[in-house]
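Sequence first, then the predicted structure:
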Amino acid sequence: MINSEDKILIAKYEDKLRQCSENSMITCTGFLNMHERSLLSSLHLSEFDTKTVFYGIFEDAERTAAVFLPYYIEANDFSSLTEYFRENPDENPLALIGVEKDRFSPALSHRDYLGALMALGIKRDITGDISVSENGCRIAVLSHMAEFICENLEKAGRGTLKAKIISPYELLQDEKPLGTADSFTVSSLRLDSVVKNAFGVSRNDACRAIESGLVYINDTECLKCDKKIVCGDKIVFRRKGRIIVGDCSGVSKKGRIIVNVRKFTSKQM
């Protein structure tokens, strides 16, 4: 069921798409959560001679902007669009901010950094994923707000910060997450069973999360607990993290299916 907020989002999406088509220029939405991305991905607007890539600077970002590309730009996925922006950085509507905290400051969390951004009056659709490290964080933002954020982001929690715009490309190569290998057994490759075992929740909690729209398969919202999972599927459980399903052809001595996965900690609250 599409509600009033979804209708407003779709109208904004169509407006940016129309601007790209009529003016032959790159346009983009603000950053979208996974529900919004799934909703917009389901639209089929063939009357516009454009391409859409959901892009968030970080590979496999949970928060992405819909970037609309004119017909003459030969990019249609994360890798090819990243390469295009590497060669044409001034056309990138997104930017990456590197934040360092003072060495005397206490450890800071995702909540601390996000709270500091909200205190500056930054709306959530201006910022994408926040990747936190021991000494600071990396924040994907809409490029037109990057300088303002760098000039004003000085405090988070009890920490003192310094922020600057950095190149995203070396970061993507050097810090690409590898995930943690894990395996478990299931009686069948139903989504609820895989979610239960992969994220350490009860079967009832897994079903409630799926039916509430918190679980995504390959970036598309899935509300069916009995959806069959296959090798290569990416499953995101919002606020819990994500997994990539690997080989699931093995069988245990008790006749249960052995599922191998790689687990990634969620960047989002």
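That came through, no problem. Numbers count the residues shown, from 1 in each chain.

Paired strands for the strand or helix carrying Phe264, with orientation please.
Phe264 belongs to strand 257-265 when assigned by DSSP states H and E. Here strand 257-265 has these sheet partners by DSSP bridges: strand 180-186 (antiparallel), strand 241-245 (antiparallel), strand 250-251 (antiparallel).

Which one of those lies nearest to Arg158?
Closest to Arg158 of the strands paired with strand 257-265 is strand 241-245 (CB to CB; 27.1 Å). Bear in mind the C-beta positions are built from the backbone N, C-alpha and C, glycine included.

Using PDB, write out the CA atom coordinates for that closest one.
Extracted in PDB, the C-alpha atoms of strand 241-245 (Å, rounded to 0.1, in the frame of the first residue of the first chain):
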ATOM      1  CA  GLY A 241      23.400  -6.000   9.400                       C
ATOM      2  CA  ARG A 242      23.600  -8.000   6.200                       C
ATOM      3  CA  ILE A 243      24.800 -11.300   4.800                       C
ATOM      4  CA  ILE A 244      25.900 -12.700   1.500                       C
ATOM      5  CA  VAL A 245      24.700 -16.300   1.000                       C
END
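
chain center to that strand: distance?
For strand 241-245, the separation from the chain centroid amounts to 13 Å (computed by CA atoms, centre = their mean, to the nearest Å).

re the thing from before, can you tell which of the strands paired with strand 257-265 is closest to Asn23?
That would be strand 241-245 among those, by CB to CB, at 36.0 Å.

quick revisit: so which bits of the strand holding Phe264 are buried?
Using 16 or more other CB atoms under 10 Å as the test for burial, strand 257-265 gives 257, 259-262, 264.

Likewise for stretch 223-236?
Going by neighbour count (16+ other CB under 10 Å), the buried part of stretch 223-236 is 225, 227, 229, 233, 235-236.

which of those residues lies closest to Ser105?
Nearest to Ser105 among the buried residues of stretch 223-236, with distances taken as CB to CB, is Val236, at 31.2 Å.
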